[in-house]
Structures are given as structure tokens and as C-alpha cells.
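Trainee: Give me coordinates for this.
(chains A and B)
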Amino acid sequence: DTAVSQTPKYLVTQMGNDKSIKCEQNLGHDTMYWYKQDSKKFLKIMFSYNNKELIINETVPNRFSPKSPDKAHLNLHINSLELGDSAVYFCASSQDQGDDGYTFGSGTRLTVV
Amino acid sequence: SQKIEQNSEALNIQEGKTATLTCNYTNYSPAYLQWYRQDPGRGPVFLLLIRENEKEKRKERLKVTFDTTLKQSLFHITASQPADSATYLCAGGGGKLIFGQGTELSVKP
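Mentor: Residues are numbered from 1 along each chain as shown, chains lettered A, B, ... in the order given. Presented below is the predicted three-dimensional model:
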């Protein structure tokens, strides 16, 4: 019974393409996040949604656009992919501000060639 | 800018010993600190949370401290086992969760 599931797990694509990563949580949490983990293992917040409303939007290129159709889903669409976008992208969810911890998905490894 | 810093050097210890990992924060005062475990190819898994008004918290073999004077949290694993080998991430919260880069722990039998 996966709590936070992301698809696909691996994504290899050419520069310039547009791709999407999907995320769903079945925990009933009201806040969802996208994090990027680079090769140095730093996890950096990209976006956060609370009940379908964008509450955190870090300094991320406009090519990245999150979309939350409902509070159980948060998708990430990336336009015109660049080599530097290669990383592992994690979706996470929490109840409210996350005082009880975040639950992470298993990640999507994006490789841009 | 707000930062969470962990010792980037891997920590190697013998089975049965206590592992101690350090987390320092700068340029802000997190309302709480969280600790996560991350295994290769997996997402981080939440372990413990300690609030700024708490000095110490325990959960089974894990102990976390929060020193607001030193701006530091220590994470201890007592009676360590090879299965404890993983990367441990510290994160500061209160608004948005800011992660450190993690410390890789290796427990040798």
C-alpha cells in the first residue's frame, strides 16, 4: 500500500523535450511538495501546495510548472528540458506544515541527454 | 541565506558503538528539526522531530538533542548495527523544510 507514489521511476529524454512526472498520495494529507536532489545529495524545495493552492514557489525556472488537480495529486511538468535538469525529483506530502514529518515518494530519476 | 549544514564526510564506526551525527543551522531559527534516513535509490524516511523548546528526544535506539545556543542538533544511534548504514538527513522546519546534505553512516560488523 504505497503512501506516496510517483511515476515514472526513471525518465531518460533528449534536450528540448517536454515531460511530466506524476505524484499521488493516499494518506489524506493536505500539503504536497516537489523537491529536487542534485548529485551532491542536497534536497531543495521547489514547490508546495496546500489544498490545491500554491504556497511555496522557490526560485525555479518558468519551464517548471506544477499542477494540483486535487489535494491527493501534484504533478510536475517540465518544458524544454536542459542538461542541468538531470536530477532525482521527489514528491512528498505532510499534514499541515509537516510537524509530524514528511512522507516521501521513491523518486524519479530524470536524465536529460 | 538559511542553511542546514551536516558533516559531509562519511562516518565509519564499529558495530555496537554509538554513532553521533551533527547538524548545524545558520541565519535562521527553526521551530523544529527533523531527522530522516535515506537509503540508496529510495526517498527519505522520517525518523524523529525535536522542537526548539525540547532539549532531548528519544525513540528506541535513537536520541536527538537540540541546542539553541550552539545552533546545533546531535543525532545518536546507540548499539549501532550494520542495518543502520545509510545517509542521515537533518532538516530545519517552520515555514518550509530546509535540508542539509546528509551524512553517510557505515557500520562495520
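Trainee: B:Leu49 and B:Trp35: what is the separation?
Mentor: 8 Å (CB to CB, to the nearest Å). Heads up, the C-betas are built off the backbone N, CA and C, glycines and all.
Trainee: Who has more neighbours out of those two?
Mentor: B:Trp35 (24 against 19; other CB atoms under 10 Å in any protein chain shown).
Trainee: Can you name the residues that contact that one?
Mentor: With contacts defined as CB atoms under 8 Å, 6 or more residues apart in numbering or on different chains, B:Trp35 is in contact with B:Cys23, B:Leu47, B:Leu48, B:Leu49, B:Leu62, B:Val64, B:Ser73, B:Phe75, B:Tyr88, B:Leu89, B:Cys90, B:Ala91.
Trainee: Show me which of the residues you listed is closest to chain A.
Mentor: B:Leu49 (6.1 Å; CB to the nearest CB).
Trainee: For the host helix or strand of that closest one, which helices and strands make contact with it?
Mentor: Per DSSP states H and E: B:Leu49 is located in strand B:45-51. Counting contacts by 3 or more CB pairs under 8 Å, 6 or more residues apart in numbering or on different chains; DSSP states H and E, strand B:45-51 packs against strand B:32-38, strand B:56-59, strand B:62-67.
Trainee: List the contacts of that strand.
Mentor: For strand B:45-51, with CB under 8 Å, 6+ apart as the criterion, the contacting residues are A:99-104, B:31-39, B:56-57, B:59, B:62, B:64-66, B:73, B:75, B:88, B:93.
Trainee: so what strands line up beside that strand?
Mentor: Strands that pair with strand B:45-51, judged by DSSP bridges, come out as strand B:32-38 (antiparallel).
Trainee: Can I get the strand it pairs with as PDB, trimmed to CA atoms?
Mentor: Extracted in PDB, the C-alpha atoms of strand B:32-38 (Å, rounded to 0.1, in the frame of the first residue of the first chain):
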ATOM      1  CA  TYR B  32      11.900  22.300  14.900                       C
ATOM      2  CA  LEU B  33      14.500  20.000  13.500                       C
ATOM      3  CA  GLN B  34      13.700  16.700  11.800                       C
ATOM      4  CA  TRP B  35      15.900  13.700  11.000                       C
ATOM      5  CA  TYR B  36      15.500  11.400   8.100                       C
ATOM      6  CA  ARG B  37      17.100   8.200   6.900                       C
ATOM      7  CA  GLN B  38      17.800   7.800   3.100                       C
END
